[in-house]
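1. Just need the structure, nothing else, for what follows:
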Amino acid sequence: MAFRPGFRPAEACGSAFVIPRGEEWLSIADGFSQAALGGDWLQALGRLAEACGADRGQLIGIGADKAVPFNWIYGMPPEPLAEFVAMGGGDPARNPRVRHGITAPLLKAWHDLDCLSEAEQRRAPEYCELAIRYDFPFGSQATLMRDSEMLIGMSTLRGASRGLPSPDDRRAFESLVPHVRDAVRLQMTLEGQGAALMAGALEAVGAAAFVCDASGRVRAMTPAAEAALSAGPVRLRDQRLAAARHEDGRALEIAFDGLLRARHSARPRASRTLVLRREEDPLSPVLVDLMSLPAREHALGFQPAVLATLRGVSRQDVAFSQHLRAAFGLTESEADVALRLAEGDSREAIAAGRGASVETVRSQVKSLFAKLGVRRTGELAAKLNRLR
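-> As a prediction, this is how the structure comes out:
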């Protein structure tokens, strides 16, 4: 790999000796793996910048709603980061780097954005003014991951005096792109496992609990919580927890948003309790306890952030669901769909309540019909009634 002779790590790394080229490259790649395991992402990004002849290294996430769940830039003061969010920096219409990143091939580096050009300043004046004022008009970029939830990209940012990256700087950046992506994927996996482990522990005590991430999406739930979606006061909408009754929905949204925002404040509010009512039985309320979970300094947004537990839900359907799974080999989802069908819900209503597509529910119905040996909904309802 082509690195500049005499390269020294960033001062933040605390090292002043020259690392041989092969060890240097491996050390930088390992730094990202260590960051994913709980280390310092800013330190790793600083070493990336040094290796690529840049001033700053960046890892950024852009949500589907154009929000910016994280934006880590080595060597950047907090003021431009706040201005970036305030100007809507996650909007591709305002940010040329994001605009290019949403269409660029994954892992394909590009190095040609020039925020000093008149054409680019006319097209994205706010972003270019910010880049010029804080001196990061040039750089290299690559899109690491892109799906319906989030785009994650990396870049090195260069000042006007440095100009565009040299061929050696470009090759250095390109060689490290897949290693940064591996580190991001590793941390995403670990954050996701945290939700599953928490749900597993709560399942053991029979709790009806939902584990939500920093965007409010449900990442894991216990069987009791899944059963409560059938006839309880909560539903899943776009993978987020919602109230069955419209009048309760706003209160739940406000409570969730408040806990998510407060996680990084000096004195976060740790919990909230709400009273939700069933549509079919308003006189039998259910309490929803929302608890804010500790925030990791450098998190990608998939780790458990809020725990929602229900008090006052019936355990009868939970136990029956477990019996169906044991007797007929149904999955948790199939058992829930079976109970909903037997209660008279349509496939469309089941899909909406579970936050799934109608096609997915139809596939689950076909599978559970085969396992229970029935051919239509009426036969299913009759068989379940005999088993209760």
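
2. low pLDDT regions in the stretch 251-388 of the chain?
-> Scanning the stretch 251-388 of the chain for pLDDT under 70 picks out 264-269, 278-285, 312-319, 388.

3. at 50 what do you get?
-> 315 (pLDDT under 50).

4. Tell me which stretches of it form strands.
-> 271-277, 285-292, 306-311 (DSSP state E, counting those that start in this stretch).

5. closest to Ala119 out of these?
-> Among the strands of the stretch 251-388 of the chain, the nearest to Ala119 by C-beta to C-beta is strand 306-311 (44.5 Å). In this view, the C-beta of every residue, glycine as well, is placed from N, C-alpha and C.

6. closest to Asp238 out of the strands of the stretch 251-388 of the chain?
-> Of those, nearest to Asp238 by C-beta to C-beta is strand 306-311, at 15.8 Å.

7. what angle sits between the closest one and strand 285-292?
-> 160 degrees (axes from the mean of the first three to the mean of the last three C-alpha atoms, to 10 degrees).

8. and strand 306-311, what does it pack onto?
-> strand 208-212, helix 223-231, helix 246-262, strand 285-292 (3 or more C-beta pairs under 8 Å, 6 or more residues apart in numbering; DSSP states H and E).

9. Give me the residues contacting stretch 351-361.
-> Stretch 351-361 is contacted by residues 218, 229-230, 235-240, 333, 336-337, 340, 345, 347-348, 350 when judged by C-beta atoms under 8 Å, 6 or more residues apart in numbering.

10. Just the buried residues of those.
-> 218, 229-230, 235-236, 240, 333, 336-337, 340, 345, 347, 350 (16 or more other C-beta atoms under 10 Å).

11. which one of those residues sits closest to Leu157?
-> Using C-beta to C-beta, the buried ones among the contacts of stretch 351-361 come closest to Leu157 at Arg240, 33.9 Å.

12. Domain boundaries for this structure, per the record?
-> Under the assignment automatic domain parsing, the domains of the chain span 11-189, 205-312, 315-388.

13. wait, which of those is closest to Leu197?
-> domain 205-312 (8.6 Å).

14. just how off-centre is that closest one within its chain?
-> The chain centre lies 16 Å from the centre of domain 205-312; the measure is C-alpha atoms, centre = their mean, to the nearest Å.

15. Quick one: mean pLDDT over stretch 46-61.
-> Across stretch 46-61, the average pLDDT comes to 93.

16. Start and end of that stretch, how far apart?
-> Distance between the two ends of stretch 46-61: 18 Å, counting by C-alpha to C-alpha, to the nearest Å.

17. that older thread, which of the helices and strands packed on strand 306-311 has the highest mean neighbour count?
-> Of these, the one with the most neighbours on average (mean count of other C-beta atoms under 10 Å) is strand 208-212, at a mean of 26.

18. What strands flank that strand, and is each parallel or antiparallel?
-> Strands that pair with strand 208-212, judged by DSSP bridges, come out as strand 218-221 (antiparallel), strand 306-311 (antiparallel).

19. which residues touch the residue lying closest to Val177 once chain neighbours are set aside?
-> What sits nearest to Val177 in space, not counting adjacent residues and going by C-beta to C-beta, 6 or more residues apart in numbering, is Ala142, at 4.6 Å. Shown in contact with Ala142 (C-beta under 8 Å, 6+ apart): Ala104, Leu107, Lys108, Ala109, Trp110, Gly153, Met154, Ser155, Phe173, Glu174, Val177.

20. Roughly how far does Ala142 sit from Ala204?
-> 43 Å (C-beta to C-beta, to the nearest Å).

21. How about residues contacting the helix or strand encompassing His100?
-> Assigned by DSSP states H and E, His100 belongs to helix 96-101. Helix 96-101 has contacts (C-beta under 8 Å, 6+ apart) with 62, 89-93, 110, 113, 115, 120, 123-124, 127-128, 141, 143, 146, 151, 153, 155.

22. could you flag which of these are buried?
-> Buried among those (16+ other C-beta under 10 Å): 62, 89-92, 110, 113, 115, 120, 124, 127-128, 141, 143, 146, 151, 153, 155.

23. Of those, which belong to helices?
-> Of these, the ones assigned to helices by DSSP state H are Glu120, Tyr127, Cys128.

24. Identify, from those residues, the entry nearest to Pro77.
-> Using C-beta to C-beta, these come closest to Pro77 at Tyr127, 17.3 Å.

25. Check the gap between that closest one and Ile152 for me.
-> To Ile152, Tyr127 is 19 Å away according to C-beta to C-beta.

26. again with Arg123
-> 24 Å.

27. go on, Tyr74?
-> 17 Å.

28. those strands in the stretch 101-250 of the chain, which residues are they?
-> Under DSSP E, counting those that start in this stretch, the stretch 101-250 of the chain gives strands at 138-146, 150-158, 208-212, 218-221, 234-237, 240-243.

29. what residues does the third one touch?
-> Here strand 208-212 makes contact (C-beta under 8 Å, 6+ apart) with 195, 198-199, 202, 218-222, 224-225, 227-228, 232, 234, 240-241, 256, 304-310, 313, 318.

30. rerun that using 7 Å as the cut-off
-> Contact partners of strand 208-212, identified using C-beta atoms under 7 Å, 6 or more residues apart in numbering, comprise 195, 198-199, 202, 218-222, 224-225, 228, 241, 304-310, 313.

31. And the fourth one, by the same measure?
-> Contacts to strand 218-221, defined as C-beta under 7 Å, 6+ apart, come from residues 192, 195-196, 198-199, 209-213, 236, 239-241, 302, 304.
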